[in-house]
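In: prediction below, plus the sequence it came from.
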Amino acid sequence: MNRILLGMALLSSAAWAQSKFQPLNVKTGLWESTTTSTTSGQMPIPSEFLQKLSPEQRAKVQARMNANSNSSPRTRTHTSKVCETKEKLAEQPFSSQQECKETVVNSTGNRTEMKVSCDFGDVKSSGTMEVEAISPEAVKGSGQMTSDGGGHAMTINTEFSSKWLSPSCGDVK
């Protein structure tokens, strides 16, 4: 599924580039997705971003990063609603991220496995994602991502479940 289900970058491989993305066999309309992510390490920030900051701004960013980088993993859960259309379902998950290259390892109407790599200047990210349509009204998945750069490394492990709510999206985009 589109952005509701896949929100992370994944590692690419030329050997798997021949596989074609197939949309999942799920209903269109209003979907609710609950995502739980566990993050460890310190978020890498591209040096070109840091170079644009004043010394005071850079010090504040570094202080925030240090405060948020204790050794224990941090877990967050987020629930959101998204309107899934036939067009959105047909898009590959990261087609809007120019910095990322995605590779479909395996894709059917019931399951998609992807690897993606992203290049944000001197920050490199890579990982994997698996998504399964349990039924036309339920999807689950998981993913892992690592990011390295600027002397910092971060790992994110994500699990999600999504359920179809209604054929009408109302005012949800």
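Out: On my side now, so go ahead.

In: what residues sit buried inside the longest strand along the chain?
Out: In the chain, with assignment by DSSP state E, the single longest strand is strand 152-166. For strand 152-166, the neighbour count (16 or more other Cβ atoms under 10 Å) marks 154, 156-158, 160, 162, 164-165 as buried. For every residue, glycine as well, the C-beta is placed using N, CA and C.

In: partners of that strand, with directions?
Out: Note on strand 152-166: by DSSP bridges, its sheet partners are strand 29-41 (antiparallel), strand 138-149 (antiparallel).

In: now the helices for this structure?
Out: 47-51, 55-67, 86-90 (DSSP state H).

In: below-threshold pLDDT in this protein: ranges please.
Out: For the chain, applying pLDDT under 70 flags the ranges 1-19, 66-71, 92-97.

In: residue 46 is in contact with residue 122, correct?
Out: Yes. Taking Cβ atoms under 8 Å as the definition, residue 122 is a contact partner of residue 46 at 5.9 Å.

In: any common contacting residues for these two?
Out: Jointly contacting residue 122 and residue 46 under the rule Cβ atoms under 8 Å, 6 or more residues apart in numbering are 149-150.

In: and for residue 142, the neighbour number?
Out: As a burial measure, residue 142 scores 14 neighbours (other Cβ atoms under 10 Å).

In: roughly how far apart are it and residue 156?
Out: Residue 142 sits 11 Å away from residue 156, going by Cβ to Cβ, to the nearest Å.

In: and for residue 103?
Out: Using Cβ to Cβ, residue 103 is found at 19 Å from residue 156.

In: ok, and the closest non-adjacent residue to residue 130?
Out: residue 113 (5.0 Å; Cβ to Cβ, 6 or more residues apart in numbering).

In: contact partners for residue 150?
Out: Residue 150 neighbours (Cβ under 8 Å, 6+ apart): 44-47, 50, 122-123.

In: how about it: what's its closest non-neighbour residue?
Out: Nearest residue to residue 150, sequence neighbours excluded (Cβ to Cβ, 6+ apart): residue 44, at 5.0 Å.
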